[in-house]
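Asker: Generate a structure from the sequence data that follows.
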Amino acid sequence: MERRTVEISVGDRAPDFTLKDQHGNAATLGDLPGKHKVVLSFHPLAFTGVCQIQMQNLDNKGKELAELGAVGLGIRVDSAPAKKAWSEMMRLSNLQLLADFNPHGQVASQYGILREADGISERAVFVVDQEGIVRWKKVYPIKEQPDIDEILGATAKV
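Answerer: Modelled structure (predicted):
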């Protein structure tokens, strides 16, 4: 059954979700706003070069994000055990990798970026403010590396 996706635009309320991270812990978007801005970084495929650099950049910039009052979350249509293996391989120190696995791609669908026929999400970044409103969004070509400095700049303006 094809899921209906709705495009999320800047100014819209970010759809809430609860997903398991690479350690099996639940992470709920609705628990973060009010405390932090949130950078949601969707990546289409684990264990690939562009996605690996995307997540390592977000992990490496954790201190800068914290200084901006923000946290980063990596999200992929994948299982928590796969996220754990990938996280360990990359030696991530701070970044939570969230598994949009069950139901498959539900969060990507809620954000309007699920590529249903491929079973993956678009490569996209959303910056959500402390009130839970999307303040910046960019969908990248699937093979393009998101510019971490552009993301930090957008987060600083929120």
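Asker: Quick check: which ranges of the chain have low pLDDT?
Answerer: Judged against pLDDT under 70, the low-scoring parts of the chain cover residues 1-5, 33.
Asker: beta partners for Lys20?
Answerer: According to DSSP bridges, the partner residues bridging Lys20 are Ala26, Ala99.
Asker: go on, Val38?
Answerer: When bridges are called by DSSP bridges, Val38 pairs up with Val71, Val128.
Asker: give me every residue that touches it.
Answerer: For Val38, the contacting residues are Ala14, Leu29, Leu32, Ala70, Val71, Gly72, Leu73, Val127, Val128, by CB atoms under 8 Å, 6 or more residues apart in numbering. (C-beta placed from N, C-alpha, C; glycine too.)
Asker: So of the residues you listed, which two are at opposite extremes in space?
Answerer: Using CB to CB, these reach their maximum pairwise distance at Ala14 and Gly72, which is 14.4 Å.
Asker: So which of the two has more stuff around it?
Answerer: Higher neighbour count among Ala14 and Gly72: Gly72, with 27 against 24, using other CB atoms under 10 Å.
Asker: what's the distance between the more buried one and Val158?
Answerer: If you measure Gly72 against Val158 using CB to CB, to the nearest Å, the figure is 13 Å.
Asker: with the contacts of Val38 in mind, which one is nearest to Lys61?
Answerer: Checking those against Lys61 by CB to CB gives Gly72 as the nearest, at 7.4 Å.
Asker: Contacts only, for that closest one.
Answerer: Gly72 is in contact with Val38, Val39, Ser41, Leu58, Asp59, Lys61, Gly62, Leu65, Leu95, counting by CB under 8 Å, 6+ apart.
Asker: could I get those as JSON lines with distance to Asp147 and secondary structure?
Answerer: As requested, the contacts of Gly72 are arranged in JSON lines below (distance: CB to CB, whole Å; DSSP: H, G, I helix; E, B strand; the rest coil):
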{"residue": "Val38", "distance to Asp147": "19", "secondary structure": "strand"}
{"residue": "Val39", "distance to Asp147": "13", "secondary structure": "strand"}
{"residue": "Ser41", "distance to Asp147": "12", "secondary structure": "strand"}
{"residue": "Leu58", "distance to Asp147": "12", "secondary structure": "helix"}
{"residue": "Asp59", "distance to Asp147": "16", "secondary structure": "helix"}
{"residue": "Lys61", "distance to Asp147": "12", "secondary structure": "coil"}
{"residue": "Gly62", "distance to Asp147": "17", "secondary structure": "helix"}
{"residue": "Leu65", "distance to Asp147": "15", "secondary structure": "helix"}
{"residue": "Leu95", "distance to Asp147": "17", "secondary structure": "coil"}
